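Novice: Give me a 3D structure for the following:
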Amino acid sequence: MRVLFFSSQTYDQDSFTSAAARHGLDLHFQPARLTEDTAALANGHEVVCAFINDDLNADVLKRLADGGTRLIALRSAGYNHVDLAAAKRLGLAVVRVPAYSPHAVAEHAVALILALNRRLHRAYNRTREGNFSLHGLTGFDLHGKTVGVVGTGQIGATFARIMAGFGCKLLAYDPYPNPELLALGATYLELPELLRQAQIISLHCPLTEQTRHLINPQSLAQLQPGAMLINTGRGALIDTPALIEALKDGQLGYLGLDVYEEEAQLFFEDRSDLPLQDDVLARLLTFPNVIVTAHQAFLTREALAAIATTTLDNITRWAAGNPQNLVEG
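Specialist: Predicted coordinates for the structure are as follows:
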């Protein structure tokens, strides 16, 4: 069975090739992002393996189906980029990786908190230039601070455990309270109250119509002045232009992003020789209290291995008529 990977990077090829020995699949890797223009590359491949910034709208899915594709194997947990109704209409099955390493993403969120708090990015640049002044590098103790966890699934729960280890007070928001957080002493609140009380807010919820732009001008106004906001979930959880005003007036004191609403045309490529055309992102990068990483929270050896294993298992189980991890439209 021929499988074509879109948006593949060297680390994808390494992890999937290592895991493929027992599956008997014919793997092909394509660095191009899946779009209407590149869908024809999948002709003759029964399976297309797509990543988070690939475009799986109705027109793309129609072209894939016409070319012989029968399965969309997502190597991600999220599936908001797939037109599930169109996939069902075209007879395309869709499978995903519901979990890989919650530690990878949770630990990256904590890394952003620590780097922002202790100004590690600024200190690193200073010492590289021979400037050993400590001016402007004062941070705060995490111990005793109030941390709001928005979305308390596996990743949110893992993040909460780490922050509890720092001695933080935990607040949580999720339609479905997680007993694990309750056992940690977390208090579940409605989102506006969590935003008012928390000094650090970390987003770990999926992107749905209900959570799109969950953080917007109105919710930013509810923050404590100088609060820290971290997003390792999905870019569209935040109305990104609204962040600029909140940073300018000090309402938002620290911002750590691993995802960005308009990242599809930017992330996962070296664009250092090109002018940055995204004015919103360019403005955000001018703030000294902002760190943006290019959707790397998942990028650990353990997570890559788990993603590869689950994705290939999904494909072989589907081929055998015993599918798992199906995404229903």
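Novice: Report the secondary structure state of the most centrally placed residue in the chain.
Specialist: Note on the chain: the residue nearest the mean C-alpha position is Gly233, at 4.1 Å, using CA atoms, centre = their mean. Of the three states, Gly233 takes coil under DSSP: H, G, I helix; E, B strand; the rest coil.
Novice: pLDDT score for it?
Specialist: Looking at Gly233, its pLDDT stands at 95.
Novice: which one is it nearest to, not counting chain neighbours?
Specialist: Leu203 (4.6 Å; CB to CB, 6 or more residues apart in numbering). Glycine gets a C-beta too; all of them are placed from N, C-alpha and C.
Novice: same thing with His28?
Specialist: In space, His28 is closest to Leu4, 4.9 Å off (CB to CB, 6+ apart).
Novice: Going by residue numbers, what spans are helices in this structure?
Specialist: With DSSP state H, the ranges of helices along the chain come out as 10-19, 58-66, 84-90, 102-117, 120-128, 154-165, 179-183, 191-197, 217-221, 240-248, 279-284, 301-319.
Novice: Tell me how many other residues surround the closest residue to Leu90 other than its chain neighbours.
Specialist: Once flanking residues are discounted, Leu90 sits nearest to Ala65: 4.3 Å by CB to CB, 6+ apart. Neighbourhood size, Ala65 [other CB atoms under 10 Å]: 19.
Novice: Ala65 and Lys88 touch, don't they?
Specialist: No. Ala65 is not in contact with Lys88 according to CB atoms under 8 Å; the separation is 11.4 Å.
Novice: Spit out the residues that contact those two alike.
Specialist: When CB atoms under 8 Å, 6 or more residues apart in numbering defines a contact, no residue borders Ala65 and Lys88 alike.
Novice: returning to what we had before: does the residue nearest to His28 touch Glu46 like I think?
Specialist: No. If you go by CB under 8 Å, Leu4 and Glu46 don't touch, sitting 9.3 Å apart.
Novice: Which of those two has more residues huddled nearby?
Specialist: Leu4 (24 against 19).
Novice: And the pLDDT at the more buried one?
Specialist: Leu4 is given a pLDDT of 97.
Novice: Can you tell me how far it is from Leu27?
Specialist: Relative to Leu27, Leu4 is positioned 8 Å away (CB to CB, to the nearest Å).
Novice: shouldn't Ala297 be in contact with Thr232?
Specialist: Yes. Here Ala297 reaches Thr232: they are 4.5 Å apart, a contact under CB under 8 Å.
Novice: any common contacting residues for those two?
Specialist: By CB under 8 Å, 6+ apart, Ala297 and Thr232 have these common neighbours: 105, 108-109, 258.
Novice: Ranking by neighbours, what's the top pick from those?
Specialist: Ala109 (27 neighbours).
Novice: sorry, back to before: what sits against the residue nearest to the centre of the chain?
Specialist: Neighbours of Gly233 in contact, by CB under 8 Å, 6+ apart: 151, 203-207, 259.
Novice: With pLDDT and distance to Gln224 as added columns, please give the residues you listed in JSON lines.
Specialist: JSON lines is the format used below for these (pLDDT from 0 to 100; distance: CB to CB, whole Å):
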{"residue": "Gly151", "pLDDT": "98", "distance to Gln224": "20"}
{"residue": "Leu203", "pLDDT": "98", "distance to Gln224": "17"}
{"residue": "His204", "pLDDT": "97", "distance to Gln224": "20"}
{"residue": "Cys205", "pLDDT": "94", "distance to Gln224": "21"}
{"residue": "Pro206", "pLDDT": "92", "distance to Gln224": "26"}
{"residue": "Leu207", "pLDDT": "92", "distance to Gln224": "25"}
{"residue": "Val259", "pLDDT": "97", "distance to Gln224": "23"}
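Novice: could you flag which of those are buried?
Specialist: The neighbour-count criterion (16 or more other CB atoms under 10 Å) marks 151, 203-205, 207, 259 among the contacts of Gly233 as buried.
Novice: The residues you listed in strands, which ones?
Specialist: Leu203 (DSSP state E).
Novice: Would you mind listing where the chain has pLDDT under the threshold?
Specialist: Within the chain, the stretches with pLDDT under 70 are 329.
Novice: How about residues contacting stretch 5-24?
Specialist: Residues from elsewhere that reach stretch 5-24 (CB under 8 Å, 6+ apart): 1, 27-34, 38, 41-42, 48-51, 53-54, 75, 268, 299, 304-305, 307-309, 311-313, 315-316.
Novice: Report the buried residues of it.
Specialist: Neighbour-count burial for stretch 5-24 flags 5-8, 12, 15-16, 19-20, 23 (criterion: 16+ other CB under 10 Å).
Novice: likewise stretch 213-221?
Specialist: Across stretch 213-221, burial judged by 16+ other CB under 10 Å covers 214-215, 219-220.
Novice: and what of stretch 33-40?
Specialist: Going by 16+ other CB under 10 Å, stretch 33-40 has these buried residues: 33-35, 38-39.
Novice: got those residues as TSV, with distance to Arg119 columns?
Specialist: Shown next, in TSV, are those (distance: CB to CB, whole Å):
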residue	distance to Arg119
Arg33	35
Leu34	39
Thr35	39
Thr38	41
Ala39	45
